[in-house]
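Visitor: Kindly return the folded structure for what I paste below:
(chains A, B, C and D)
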Protein chains: 2
Amino acid sequence: MTATTPSRRERLRAETVTEIKDAARRLLVAGGPTAISLRAIAREVGMTAPALYRYFASLDALVTTLVSDLFEDLRAAVADVSAVHADEDPLTRIGHMARGFRRWSLDHPAEFALMFGSPLPGVTPLPQRGPPLDEAGARFGETFFAVMSEHYARRSFAGEPHELPDPALREIFRPYIENFGDRFPPAVIYFFITSWTRLYGMVAMEVFGHLAWAVTDVAPLFEVELARALDQLAR
Amino acid sequence: MTATTPSRRERLRAETVTEIKDAARRLLVAGGPTAISLRAIAREVGMTAPALYRYFASLDALVTTLVSDLFEDLRAAVADVSAVHADEDPLTRIGHMARGFRRWSLDHPAEFALMFGSPLPGVTPLPQRGPPLDEAGARFGETFFAVMSEHYARRSFAGEPHELPDPALREIFRPYIENFGDRFPPAVIYFFITSWTRLYGMVAMEVFGHLAWAVTDVAPLFEVELARALDQLAR
DNA sequence: ACTATTCCGTGAACACCGTTTACCGTTGCA
DNA sequence: TGCAACGGTAAACGGTGTTCACGGAATAGT
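Guide: As a prediction, the model looks like this:
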């Protein structure tokens, strides 16, 4: 019962925490990743900066949980798209999810920059890599992975083998197996990774404005590339 | 003659400028993009911070020219690789250049982060987009573009048409044509962009450590993906 | 050779930042 | 009722980019 009785204090505390995160996200959207500052958040919430240390160990920790929330947002958006097309076959569903990913990223460029902008230690509000973030990223990845493995399960059931394009790849997926077990054959992992990097490259380029010098409307380009990538998965 | 006579003062000034940029790059390599600070640079050079304003309009401007220099470095590295294999056919040469790009990026992760990390206004030492940077980026892109257009020129000479995978794409390349003229057919632009986004996605993922959860050695994965991408260009 | 000007550096100051410390009123619980 | 944990503040430290007033040194003009 203790879990279901948030004891007034815990309730107020939880409200304050979300209020702080909302303020941080508001600043993020308004002015980009660097606009997130402890003092600005404090002003927004109506507190002094040191008070925030009652809720987060540091600005870094605050940003990290914010990024976790954003990953959950993104995951939910993609999962929604996936759910809408639940009755279609996995491959076309992956296509819809990829479009969902692009849509969300274009609609939330500041969030995208914070989440996918260079995650090397040292860049601005640096979301330190580690358990909390990796978990959020893993949950997001799983959303794609689930549908993709379903696709390969059907192919496998139909008797079509899914082979690695190069047997040399078989050895390199040890980290994955250690993290997630060996439920899936290497071929699925391979196609998941390469599809994801391809999708990421395309979307990141567009969101960061690196295609504006050549292209007006990226949408048709994205559609063609998506078709090619899906075609690669299908054969 | 005035251009060849740097007038002692100009010479000292130029030396100081490069000394400043060297210090900035040293800080970048040592501590990542956020380690670049005006005061730290000043300490490194042996001046006070305001003195740097005699050489750069702002920290922003300093970082921007630094990034320009880094793009020139990268371009030279790729061009060197291209020159070494000058006698091979364009397609395999593109492959070598792609490997050169990956090599340079892995060898210079901090520089890569500064150059290709989220270039939205607001992220740390923000290289503002604009003429100086776009020029540097364009020169870098040209290095790839030249070889790729050579590849298509040979194909064209051999009578094989290079067609767009979708005629809907023909209309979207107006910015490119306005920037660089219409010397190249849309198909070349299309394949250049998609190949580049694909290469960027793969390398960025690896440099940023986003593949470590699944893969030990990314090299074979890169080779397979590169082969696939080149195969797409060949057909 | 003397003067005027431009250049190059300094020190002080302002406004921001993250973080720590000491302090204090309020709340919740035994 | 007392006591301990909680949640907030003010002050301070060291860091940041940037501006300004100042001065010395090197250059340019006559």
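Visitor: Give me the residue ranges of chain A where confidence is low.
Guide: For chain A, applying pLDDT under 70 flags the ranges A:1-5, A:118-133, A:159-161.
Visitor: Just the buried positions in whichever helix or strand A:A76 is part of, please.
Guide: If you go by DSSP states H and E, A:A76 is part of helix A:59-84. By 16 or more other C-beta atoms under 10 Å in any protein chain shown, the buried positions in helix A:59-84 come out as A:59, A:62-71, A:73-75, A:77-79, A:81-82. (Each C-beta comes from the backbone N, C-alpha and C, glycine too.)
Visitor: now swap in stretch A:218-231 and tell me
Guide: Of the residues in stretch A:218-231, A:V218, A:P220, A:L221, A:F222, A:V224, A:E225, A:L226, A:A229, A:L230 count as buried by neighbour count, 16+ other C-beta under 10 Å.
Visitor: do the same with stretch A:28-40
Guide: Quick answer for stretch A:28-40 (16+ other C-beta under 10 Å): A:L28, A:G32, A:P33, A:T34, A:A35, A:I36, A:L38, A:A40.
Visitor: ok, which of the residues you listed also contact DNA strand C?
Guide: Among the buried residues of stretch A:28-40, the ones lying near DNA strand C by C-beta under 7 Å from any atom of the strand are A:I36, A:L38, A:A40.
Visitor: between those, which is closest to A:F112?
Guide: Taking C-beta to C-beta as the measure, A:F112 lies nearest A:I36 of those, at 14.6 Å.
Visitor: and A:A229, what element?
Guide: For A:A229, the host element (DSSP H and E) is helix A:218-234.
Visitor: still on that earlier bit, looking at the buried residues of stretch A:28-40, which is nearest A:E10?
Guide: The nearest member of those to A:E10, counting by C-beta to C-beta, is A:L38 at 23.4 Å.
Visitor: dump the residue contacts of that closest one.
Guide: Listed by C-beta atoms under 8 Å, 6 or more residues apart in numbering or on different chains, the contact set of A:L38 reads A:A49, A:L52, A:L59, A:L62.
Visitor: so which of those residues comes closest to DNA strand D?
Guide: A:A49 (6.9 Å; C-beta to the nearest atom of the strand).
Visitor: Tell me the backbone dihedrals of the closest one, please.
Guide: A:A49 adopts backbone torsions of phi -60, psi -50, taken as degrees, to the nearest 10.
Visitor: ok, it - contacts?
Guide: Counting by C-beta under 8 Å, 6+ apart, A:A49 touches A:L38, A:R39, A:A42.
Visitor: how close does the first one sit to A:G117?
Guide: If I follow you right, that is A:L38. Distance of A:L38 to A:G117, computed by C-beta to C-beta, to the nearest Å: 20 Å.
Visitor: again, but for A:R174
Guide: For A:R174, the distance to A:G117 (C-beta to C-beta) stands at 29 Å.
Visitor: can you map out the helices along chain A?
Guide: Under the criterion DSSP state H, chain A carries helices at the ranges A:9-31, A:38-45, A:59-84, A:90-107, A:109-116, A:131-157, A:174-180, A:186-207, A:218-234.
Visitor: Quick one, which of those helices gets closest to DNA strand D.
Guide: helix A:9-31 (3.9 Å).
Visitor: got a list of contacts for the closest one?
Guide: Defining contact as C-beta under 8 Å, 6+ apart, one finds that helix A:9-31 is touched by A:6, A:35-37, A:40-41, A:44-45, A:52, A:55-56, A:62-63, A:65-66, A:69-70, A:108, A:110-111, A:114, B:122.
Visitor: Out of these, which are close to DNA strand D?
Guide: A:Y55.
Visitor: what's the angle from the helix holding A:A229 to helix B:186-207?
Guide: 70 degrees (axes from the mean of the first three to the mean of the last three C-alpha atoms, to 10 degrees).
Visitor: so what secondary structure elements neighbour helix A:218-234?
Guide: For helix A:218-234, the packing partners by 3 or more C-beta pairs under 8 Å, 6 or more residues apart in numbering or on different chains; DSSP states H and E come out as helix A:90-107, helix A:186-207, helix B:186-207.
Visitor: Same question for the first one: list its buried residues.
Guide: When neighbours are counted by 16+ other C-beta under 10 Å, the buried residues of helix A:90-107 are found to be A:90-91, A:93-102, A:104-105.
Visitor: Tell me the one among those residues nearest to chain B.
Guide: Within the set of the buried residues of helix A:90-107, A:S105 lies nearest chain B; the separation is 11.7 Å, counting by C-beta to the nearest C-beta.
Visitor: isn't that closest one right up against A:M202?
Guide: No: taking contacts as C-beta atoms under 8 Å, A:S105 lies outside contact range of A:M202: 10.1 Å.
Visitor: Please verify my assumption that A:L199 contacts A:M97.
Guide: No: A:L199 is not in contact with A:M97 according to C-beta under 8 Å; the separation is 9.5 Å.
Visitor: show me what contacts A:A146?
Guide: Contact partners of A:A146, counting by C-beta under 8 Å, 6+ apart, are absent.
Visitor: got the residues of chain A near DNA strand C?
Guide: Proximity of chain A to DNA strand C (C-beta under 7 Å from any atom of the strand) is limited to residues A:7-9, A:36-40, A:49-50, A:53, A:58-60.
Visitor: Show me the two of those residues that sit farthest apart.
Guide: Among the residues of chain A next to DNA strand C, the pair separated by the greatest distance (C-beta to C-beta) is A:S7 and A:S37, at 31.9 Å.
Visitor: picking up where we left off before, mind putting the buried residues of stretch A:28-40 into a markdown table with distance to B:Y152?
Guide: As requested, the buried residues of stretch A:28-40 are exported to a markdown table (distance: C-beta to C-beta, whole Å):
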| residue | distance to B:Y152 |
| --- | --- |
| A:L28 | 43 |
| A:G32 | 39 |
| A:P33 | 40 |
| A:T34 | 42 |
| A:A35 | 44 |
| A:I36 | 46 |
| A:L38 | 53 |
| A:A40 | 51 |
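Visitor: Pick the one among the residues you listed closest to B:A168.
Guide: Using C-beta to C-beta, A:G32 comes nearest to B:A168 of the buried residues of stretch A:28-40, at 33.1 Å.
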